[in-house]
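Engineer: Requesting a structural model of the entry that follows:
(4 chains)
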Protein chains: 2
Amino acid sequence: MRYAESHKDETHRALLKAAARQLRAEGPDRLSVSGVMKSAGLTHGGFYAHFKSKDALLNETLADVFARSRRRVEKLLDGLPPRHALATYIDFYVGEAHRDDTANGCAITALNSDMPRQSRKFRAAFEAGVKAMADGLAKRLTAAGVADAEKLAPSLLAAMAGAVALSRTISDRGLSNELLASTRAGIKARLGISDL
Amino acid sequence: MRYAESHKDETHRALLKAAARQLRAEGPDRLSVSGVMKSAGLTHGGFYAHFKSKDALLNETLADVFARSRRRVEKLLDGLPPRHALATYIDFYVGEAHRDDTANGCAITALNSDMPRQSRKFRAAFEAGVKAMADGLAKRLTAAGVADAEKLAPSLLAAMAGAVALSRTISDRGLSNELLASTRAGIKARLGISDL
DNA sequence: CGCGTTATATTATCGGCATCATATGAACGC
DNA sequence: GCGTTCATATGATGCCGATAATATAACGCG
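Structural biologist: Here you go, the predicted model:
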């Protein structure tokens, strides 16, 4: 290695970061190799020194996005008492800020309807991410004393992601906000934490 | 008009029908002009005699999809007492058959996450469809004696669409079914029609 | 029954994108 | 400072899709 050993790793990370944003903003089809390279300040040709293919980039990126989201949520909720953590999570996920920041938001809301058209591997990465999120939520539900947490968690996740995704399609800000608020209230009622 | 006047109209309708399936199955980006023409038994060149552009086709197709879905639901629920109609609607929408038939299903579940990346006109057509569906649902809620129907309807729609969309991304059939069942139960509980 | 019209087919153009081959130039050890 | 080696840049190549120009063929009217 004549280059500083960090160079390639740093570039790799930079590409992943750029891809993570573009994946959620543009979707897997519209994300382009040259676009990612340009975002990282490079030209398109060097891409294949870092990833075998666009597919490989997409798969690695998606796993990375889920992992980062998970860590972010854990940091956000760390130390909160269970019921509070739950309420905070719901407010955070089904919130205006999340709706307005697709590029950094949850992959489920951003890629929901794209999945059935993607490659097997990409779908598998998505599914793994969903399962991890659902498991994490189930644990928090259990900790908060909610019954049937395992079965409930995926349904709650779907309701939250569905609301955020749909809120992004509504141009009328008031209506969009109302949709989010109504969803937060509905979910909290279902969990018996309407007071938080 | 030397051709039978019906020819062009028939072809137009056939193209719309093919596009309607491909739009939901492939998404707006992967849907291709030549694919639609081939589905209708034609070659790609003649397309522009029927539509100004791919965009025009997409817009018209989306409006058509929503209109047809609406009519289909109205037929399904026609004559049922309000609470029954509501329960039937939920079972139908959040059902395995709907999940398994993307190409003929609701545009919201099929295109949810694609919308933020589409053209203004296409998004407007989508939004109009969503509003019409929400209004229809609100009317049925009101008829069934549910309070706050106007605010509740979009949130319910989002939960239903989110569940179906997410259920399509889960390869494990059992888990996927469970997600749907849990969502149906949750929504019915929220509406006080768990007994139906 | 053939003529003009109109729907559809053929073929061409153009651009974007993934991928790849080769060139360049920066950094480190000597 | 010099050459080696590796990251990145330059510049193809080839495919696929949207659009458009032109050619063909089906049809009904006179």
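Engineer: Below-threshold pLDDT in chain A: ranges please.
Structural biologist: Applying pLDDT under 70 to chain A flags residues A:1-7.
Engineer: Which residues of it lie near DNA strand C?
Structural biologist: Chain A has residues A:2-4, A:31-35, A:44-45, A:47-48, A:53-55 near DNA strand C, with proximity defined as Cβ under 7 Å from any atom of the strand. In this view, the C-beta of every residue, glycine as well, is placed from N, C-alpha and C.
Engineer: okay, among those, which ones form the most distant pair?
Structural biologist: Greatest spatial distance among the residues of chain A next to DNA strand C (Cβ to Cβ): A:2 and A:31, at 32.1 Å.
Engineer: Look at these two and report which has more neighbours.
Structural biologist: residue A:31 (20 against 5; other Cβ atoms under 10 Å in any protein chain shown).
Engineer: Please check the residues of chain A next to DNA strand C and keep the buried ones.
Structural biologist: The neighbour count (16 or more other Cβ atoms under 10 Å in any protein chain shown) marks A:31, A:33, A:47, A:54 as buried among the residues of chain A next to DNA strand C.
Engineer: Would you check that the first one makes contact with residue A:22?
Structural biologist: Yes. Shown here, residue A:31 and residue A:22 form a contact pair, counting by Cβ atoms under 8 Å, at 4.6 Å.
Engineer: For DNA strand D, see how far away residue A:49 is.
Structural biologist: The span separating residue A:49 from DNA strand D equals 4 Å under the rule Cβ to the nearest atom of the strand, to the nearest Å.
Engineer: residues touching that residue, list them.
Structural biologist: Contact partners of residue A:49, counting by Cβ atoms under 8 Å, 6 or more residues apart in numbering or on different chains, are residue A:8.
Engineer: Please name the nearest non-neighbouring residue to residue A:142.
Structural biologist: residue A:149 (4.5 Å; Cβ to Cβ, 6 or more residues apart in numbering or on different chains).
Engineer: what's near enough to touch the one residue in chain A that gets nearest to chain B?
Structural biologist: Proximity of chain A to chain B (Cβ to the nearest Cβ) peaks at residue A:162, 1.7 Å away. Residue A:162 makes contact with A:112, B:112, B:158-163, B:165-166 under the criterion Cβ under 8 Å, 6+ apart.
Engineer: Is there a quick PyMOL command that grabs whichever of the residues you listed are buried?
Structural biologist: For the buried members of the contacts of residue A:162, the matching PyMOL selection, counting by 16+ other Cβ under 10 Å, is:
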select buried, (chain A and resi 112) or (chain B and resi 112+158+159+160+161+162+163+165+166)
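Engineer: Help me confirm that residue A:151 comes into contact with residue B:182.
Structural biologist: Yes. In this structure residue A:151 lies within contact range of residue B:182 using Cβ under 8 Å: 5.2 Å.
Engineer: And these two? Which one has more around it.
Structural biologist: Set side by side, residue A:151 and residue B:182 show more neighbours around residue B:182, with 21 against 15, by other Cβ under 10 Å.
Engineer: what phi and what psi does the backbone show at the residue sitting nearest the centre point of chain A?
Structural biologist: Central residue of chain A (Cα atoms, centre = their mean): residue A:106, 2.0 Å from the mean position. Main-chain dihedrals, residue A:106, degrees, to the nearest 10: phi -70, psi 140.
Engineer: so what's it up against?
Structural biologist: Counting by Cβ under 8 Å, 6+ apart, residue A:106 has contacts A:69, A:93, A:98, A:161, A:164.
Engineer: Give the closest residue to the second one in space, chain neighbours not counted.
Structural biologist: Sequence neighbours aside, residue A:160 is the residue nearest to residue A:93 in space, at 5.1 Å (criterion: Cβ to Cβ, 6+ apart).
Engineer: Helices of chain A, start to end?
Structural biologist: Ranges of helices within chain A are A:6-30, A:33-39, A:54-77, A:82-93, A:96-100, A:107-111, A:120-143, A:149-167, A:173-191, based on DSSP state H.
Engineer: Please report the number of neighbouring residues for residue A:119.
Structural biologist: The number of residues near residue A:119, taken as other Cβ under 10 Å, comes to 12.
Engineer: Could you verify my assumption that it touches residue A:53?
Structural biologist: No. Contact criterion Cβ under 8 Å: residue A:119 and residue A:53 do not qualify, at 10.6 Å.
Engineer: which residues are in contact with both of the two?
Structural biologist: Counting by Cβ under 8 Å, 6+ apart, no residue touches both residue A:119 and residue A:53.
Engineer: and the gap between the residue nearest to residue A:142 and residue B:67?
Structural biologist: Using Cβ to Cβ, to the nearest Å, residue A:149 is found at 41 Å from residue B:67.
Engineer: Which of those two has more residues huddled nearby?
Structural biologist: residue A:149 (20 against 12).
Engineer: Now do the contacts for that one.
Structural biologist: By Cβ under 8 Å, 6+ apart, the contact list for residue A:149 reads A:138-139, A:141-142.
Engineer: Of the residues you listed, grab the buried ones for PyMOL.
Structural biologist: The PyMOL selection below is limited to those of the contacts of residue A:149 classed as buried (16+ other Cβ under 10 Å):
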select buried, chain A and resi 138+141+142
